[in-house]
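S.K.: Predicted model and sequence follow; I will ask about them next.
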Amino acid sequence: MSFWTILPGEHLPRTEQRIVTIIFALLSTAAAALVVHSGWFGSLTALILRSSFFSLMVSAGLVHVATNRANALWRIVLYALAASVLVPGPYLWVNYMNIVRSGGIAGQTDMILFTISSVAVLVLARYLIGWVMVALGIIALAYAFWGNYVPGNYGHAGYSLARVSSNLFLRTEGLFGLPMGVAAQYIVLFSLLGGLLMRTGLGQVFVDLAHALTGRIQGGPALTAVISSTMFSSINGSAVAGVVTTGTFTIPLMKRTGYRPKVAGAIEAAASSAGQIMPPIMGAAAFLMAEMTQTPYATIAAAALIPALLYVFALLVAVREEAGKYDLGRARTEDIPRLGEVIFKRGYMLLPLVALIVFLAIGYTPSAAAVLCLVATLIISALTPASRVGPVAIIETIMTTIRNVLPIIAAVAIAGLLIGVLTLTGLALKLSTLILDLGSGNMFLVLVMTMCASFVLGLGMPTSAAYLLLAILIAPALEDFGLPIIAAHMFIFYYGLLSAITPPVALAAYAGASIAGASPNETAVEAIRLGFVKVVAPFLFVYAPELLLIGTPLTITLATIAAFAGTFAAGTAMSGWFIRVLPLGHKLGLWLSAAILTAALVLPVGLAASNLCLAAGLLMLVAICYVNWKSNENRPAHLAS
């Protein structure tokens, strides 16, 4: 993508398109410079950093929105709003000490700038996310102003514009609250790192490495999709981006070896969704969760590991058994790169990722580690002409990154408004109480209600934005119920992301379907089948927190064995194939084994009842697998699978 085509410009005169592209480039570069400076030096106070970042990003977002509008008058309005929203950041920077000395009491100028900022955010959210977030923002503000008209326990005295502006604009509790801080410190920085890595060609290295490792196995192209898409999406933070990037290679390859179009699209969608839950980056969600829970980043990344590996394991089992069931072919030898050649010629491009993990491990903050990796990426990319990134390419990468994260910025700004209103009015505690009251003190009912609420609120939302919204509205209820804080946040995180492969939204599945030439809804159904672990895993790690590494080494080991064995049993029962097509009795036996192994997790892990279920489930699973292996071994060679 060239510099002049990063923004849509088919509705604009050529001169206007060139001018706004340059303006967008300047705003994007300034925002990137701000987050990189803050990531390394960390010298700006929270209100100054977040408000300056807000002004640059929202202004850039409105310019981007304007370029896609055909109506010239409406474009002028958007340009004017973009110029106006540039004021709050510098204004708060210059007047910061006066604000501190006055106790954050809003004056006339503050109220005007708060109104402009709120309108700008709502307009941006309307065009980049949709009406759901806009409605949430409007309802939150209306509740703050006119809560006195709400009857019963959920009303309040009502607040003036001055009081609301003071809380939501002059303090770090509203527009410039923790969500905006996380976006400025982590989301844009890691998105920029991911964009730069992809610009050097790392995405193709992921694909080639995975294909070299798995291409000669039956179902190898699908295994390639699972591995490469998981790695890619973990960095860039978007399941849809993973599908449209790696899927352009893996989906045709899967179809060529015999995978049905809907299955090929579903495999890619489910695999790209895996990156959002796979540490160490988790599409930047690991850093968000660390901030929201005040838990060390390393603890979050470690806790996420077993459920993420469980999900990827289920995908690998499903695609391999799909290949065996339909006797699919292998990739052509000439299409499979040599592993040694990929590592020798392009393996150096993985060094920034290795460096990132090393920097985090030795104690650098995530922001500082990301800045160091940005520098390392630029240095390493200069080693060969193919991976070299010049000044123009860097600016293009910055512009593309900023354009891609704009929906998240709109979402976190509205999330900040929600937090501010909930804090100001005390509604947060009331919402938690409502969920607990409706659940009647029953943990399973509370979890089911939370699951449904998380799924609905996460519909079509970007990873980071979905998690932030749910962490504000839903997670406190689970924490009040007594769940470990990591388990509560992981629970809502998983269900908030489920809409990527689940109708009616299913953006990742629909993207896969468009590439595969398959029915969108059929592809989404297949993606759910393949990604069933994402549906059941949250309940498992709530009842068995050992899967989040909460427990003793022995109980963690027992829970991990039960989870992986149960996942294999359920996945194999759904596919109906293990070495050969399974008889009905064997499929039922596998379902029973999966149920018994699930009981081993629901019961207190490590106690006698759980251990008995674990032993019985494993024995049944091994027996069924052994019988099928022996029966296939004894068949004539021309009939054996």
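M.R.: Alright, I've got the coordinates. Residues are numbered from 1 along each chain as shown.

S.K.: which stretches of the stretch 251-400 of the chain aren't confidently modelled?
M.R.: By pLDDT under 70, the weakly predicted segments of the stretch 251-400 of the chain are 283-284.

S.K.: Give me the contacts around the lowest-mean-pLDDT helix or strand in the chain.
M.R.: Of all helical and strand segments in the chain, the minimum by mean pLDDT, DSSP states H and E falls on helix 427-438, at a mean of 73. Here helix 427-438 makes contact (CB atoms under 8 Å, 6 or more residues apart in numbering) with 143, 153-154, 156, 421-422, 445-446, 449-450, 453, 472-474, 476-477, 480-481. No exception for glycine: its C-beta is placed from N, CA and C like everyone else's.

S.K.: quick one: which of those sit in helices?
M.R.: 143, 421-422, 445-446, 449-450, 453, 472-473, 476-477, 480-481 (DSSP state H).

S.K.: ChimeraX command to pick out the buried ones of those residues?
M.R.: Typed into ChimeraX, the line below selects the buried ones among these, using 16 or more other CB atoms under 10 Å:
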select :143,421,422,446,449,450,453,472,473,476,477,481
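
S.K.: any low-confidence regions in the chain?
M.R.: For the chain, the stretches flagged by pLDDT under 70 are 1, 236-238, 283-284, 440, 457, 459-463, 504-505, 632-641.

S.K.: And the strands in it?
M.R.: Ranges of strands in the chain, per DSSP state E, are 577-578, 580-581.

S.K.: Any chance of CSV for the ones you listed, columns distance to Leu202 and mean neighbour count?
M.R.: Formatted as CSV, the strands of the chain follow (distance: least, CB to CB, whole Å; neighbours: other CB atoms under 10 Å):
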stretch, distance to Leu202, mean neighbour count
strand 577-578, 35, 22
strand 580-581, 40, 16
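
S.K.: Next, format those as a markdown table and append distance to Ile23.
M.R.: Listed next are the strands of the chain as a markdown table, based on distance: least, CB to CB, whole Å:
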| stretch | distance to Ile23 |
| --- | --- |
| strand 577-578 | 57 |
| strand 580-581 | 62 |
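
S.K.: nearest to Ala183, of the ones you listed?
M.R.: When the strands of the chain are compared by CB to CB, strand 577-578 sits nearest Ala183, at 45.4 Å.

S.K.: residues making contact with that closest one?
M.R.: The contact list for strand 577-578, computed with CB under 8 Å, 6+ apart, reads 321-322, 324-325, 572, 586, 624-625, 628.

S.K.: Quick check: the farthest pair among the residues you listed?
M.R.: Glu322 and Ile624, at 19.0 Å, using CB to CB across the contacts of strand 577-578.

S.K.: what residues does stretch 43-56 touch?
M.R.: Residues from elsewhere that reach stretch 43-56 (CB under 8 Å, 6+ apart): 27, 30-31, 34-35, 37-38, 85-90, 92-93, 96, 99, 117, 170-172, 175-177, 180-181, 183-184, 188, 409, 413.

S.K.: ugh, wrong one, I meant stretch 299-315
M.R.: 226, 230, 267, 270-271, 274, 277-280, 282, 286, 289-290, 293, 486, 490, 494, 530-534, 537, 540-541, 547-550, 560, 563-564, 567-568, 571.

S.K.: Could you list which of these belong to helices?
M.R.: Those of the contacts of stretch 299-315 lying in helices (DSSP H): 226, 230, 267, 270-271, 274, 286, 289-290, 293, 486, 490, 494, 530, 532-534, 537, 540-541, 560, 563-564, 567-568, 571.

S.K.: Using ChimeraX, define a selection of the buried residues within these.
M.R.: Here is the ChimeraX command that selects the buried residues among the ones in helices among the contacts of stretch 299-315 (16+ other CB under 10 Å):
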select :226,230,267,270,271,274,286,289,290,293,486,490,494,530,532,533,534,537,540,541,560,563,564,567,568,571
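
S.K.: Can you mark which positions in stretch 478-492 are buried?
M.R.: Buried, per 16+ other CB under 10 Å, within stretch 478-492: 478, 481, 483-484, 486-492.

S.K.: can you dump the C-alpha coordinates of it into CSV?
M.R.: Presented in CSV, the C-alpha positions along stretch 478-492 are these (Å, rounded to 0.1, in the frame of the first residue of the first chain):
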residue,chain,number,x,y,z
LEU,A,478,-17.5,-12.2,39.5
GLU,A,479,-14.9,-10.7,41.9
ASP,A,480,-17.6,-9.9,44.5
PHE,A,481,-18.8,-13.5,44.2
GLY,A,482,-15.4,-14.7,45.3
LEU,A,483,-13.6,-15.8,42.2
PRO,A,484,-9.9,-15.2,41.9
ILE,A,485,-9.3,-11.9,40.1
ILE,A,486,-7.4,-13.5,37.2
ALA,A,487,-10.1,-16.2,36.8
ALA,A,488,-12.8,-13.5,36.7
HIS,A,489,-11.1,-11.4,34.1
MET,A,490,-10.0,-14.4,31.9
PHE,A,491,-13.7,-15.6,32.0
ILE,A,492,-15.1,-12.4,30.6
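
S.K.: follow-up on the earlier one: turn the buried residues of stretch 478-492 into CSV, including distance to Tyr297.
M.R.: Listed next are the buried residues of stretch 478-492 as CSV, based on distance: CB to CB, whole Å:
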residue, distance to Tyr297
Leu478, 21
Phe481, 25
Leu483, 21
Pro484, 17
Ile486, 12
Ala487, 17
Ala488, 18
His489, 13
Met490, 14
Phe491, 19
Ile492, 19
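
S.K.: Quick check: closest non-adjacent residue to Pro280.
M.R.: Ala301 (5.0 Å; CB to CB, 6 or more residues apart in numbering).

S.K.: Distance check, the one you found against Pro366.
M.R.: 10 Å (CB to CB, to the nearest Å).

S.K.: Next: Val627.
M.R.: Distance from Val627 to Pro366, counting by CB to CB: 50 Å.

S.K.: swap in Leu558?
M.R.: Distance, Leu558 to Pro366, using CB to CB: 32 Å.

S.K.: circling back to that earlier point, show me just the buried residues among the contacts of stretch 43-56.
M.R.: For the contacts of stretch 43-56, a neighbour count by 16+ other CB under 10 Å gives the buried set as 27, 30-31, 34-35, 38, 85-89, 92-93, 99, 117, 170-172, 175-177, 180-181, 183-184, 188, 409, 413.

S.K.: Sketch out the helices for the stretch 251-400 of the chain, chain order is fine.
M.R.: Ranges of helices in the stretch 251-400 of the chain, per DSSP state H, counting those that start in this stretch, are 261-274, 285-293, 297-325, 339-346, 351-361, 366-381, 391-425.
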